[in-house]
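[1] can't give you the sequence, but here's the structure:
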C-alpha cells in the first residue's frame, strides 16, 4: 500500500527520485528508495544514495543549536551582538547594516524563527524573491515583530555559533549529530566518499538548470 501511494504521488508530481523512512514511536519501521538517482542513465536511487538536502539542513542546524543551548553554550534570547567582538557591520557581508542599529535587537531565537527582518538572501528582492543585481542585505522590519523566511537569519546564527565554539559548522554537526547518530553519509560539505553514489539534480523547467 505504501509503495502504491508513493508511486502515485511521484507520478502526479513528476518526482524523479525519493527516499522514504517511516518512524513509529521513534523507531524506523520502513525504509525504501524509489525512482532514479540519474534518470538519463537509468541509474536507480538506493538507500545509500547521497541526496542534496537544501533547506532541510536548516532543521538539522536548529537541532544543533538547541544542543548548544542544552550545553549552556548559547542563550536563545541573548542579543547576538553580545557574542561579537566588533559591530556586526564590520564583518564580511554585513557592511550594508552600518547605520542601522536594529541588528542589536536580533537574538538566536529570532534567527531560528525567521523574525530577524532580513530578506531570504541578500541578492533577492524582498518583495518578489527574484534576483536583484544590486541587492544588499537589509533589515526590513523591527526584529521580532513579523515572520519572513530568511536564510540570512540562519547564516547569521551560524556566524555566532562558530565564533563562540571556535569550530566550523561541519565540525560541530559531525560531533553533535552525524557521528552520534551514525549518519556516515551526511555532511554540510561535499565529501570524497560521496562520489560513488549521489543523486543528480533533475528539474522540470529549463531556466532552473541555470540556478
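    Nice, thanks for sending it over. Predicted, not measured: the structure shown is a model, and the values here were computed from it. Numbering: from 1, shown residues only.

[2] output the below-cut-off pLDDT ranges for this protein.
    Within the chain, the stretches with pLDDT under 70 are 204-211.

[3] again, only this time at 80
    Where the chain drops to pLDDT under 80, the residues are 202-211.

[4] which parts of it are strands?
    17-24, 27-38, 43-44 (DSSP state E).

[5] what is the second one packed up against?
    Using 3 or more C-beta pairs under 8 Å, 6 or more residues apart in numbering; DSSP states H and E, the elements in contact with strand 27-38 are helix 2-13, strand 17-24, strand 43-44. Bear in mind the C-beta positions are built from the backbone N, C-alpha and C, glycine included.

[6] before we move on, back to that, tabulate the strands of the chain in JSON lines, adding columns for distance to residue 93 and mean neighbour count.
    As requested, these are exported to JSON lines (distance: least, C-beta to C-beta, whole Å; neighbours: other C-beta atoms under 10 Å):
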{"stretch": "strand 17-24", "distance to residue 93": "34", "mean neighbour count": "14"}
{"stretch": "strand 27-38", "distance to residue 93": "34", "mean neighbour count": "14"}
{"stretch": "strand 43-44", "distance to residue 93": "38", "mean neighbour count": "14"}
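
[7] let me have these in a markdown table, adding distance to residue 160 as columns.
    A markdown table is the format used below for these (distance: least, C-beta to C-beta, whole Å):
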| stretch | distance to residue 160 |
| --- | --- |
| strand 17-24 | 31 |
| strand 27-38 | 33 |
| strand 43-44 | 41 |
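
[8] between those, which one is nearest to residue 199?
    Shortest distance between residue 199 and these, using C-beta to C-beta, is found for strand 27-38: 4.2 Å.

[9] what's the angle between the closest one and strand 17-24?
    180 degrees (axes from the mean of the first three to the mean of the last three C-alpha atoms, to 10 degrees).

[10] how about residues contacting strand 27-38?
    Residues external to strand 27-38 that are found in contact with it (C-beta atoms under 8 Å, 6 or more residues apart in numbering): 2-3, 6-7, 10, 15-23, 42-47, 49, 51, 197-200, 202.

[11] for stretch 101-111, same thing?
    Counting by C-beta under 8 Å, 6+ apart, 65, 74-81, 88-89, 94, 97, 116-117, 139, 142-144, 153-154, 156-157, 160 sit against stretch 101-111.

[12] residue contacts, residue 76?
    By C-beta under 8 Å, 6+ apart, residue 76 lies in contact with 69, 107-109, 112.

[13] wait, I meant residue 140
    For residue 140, the contacting residues are 117-119, 126, 148, by C-beta under 8 Å, 6+ apart.

[14] follow-up on the earlier one: which one of the strands of the chain lies closest to residue 58?
    Comparison of the strands of the chain against residue 58 by C-beta to C-beta identifies strand 17-24 as nearest, at 18.5 Å.
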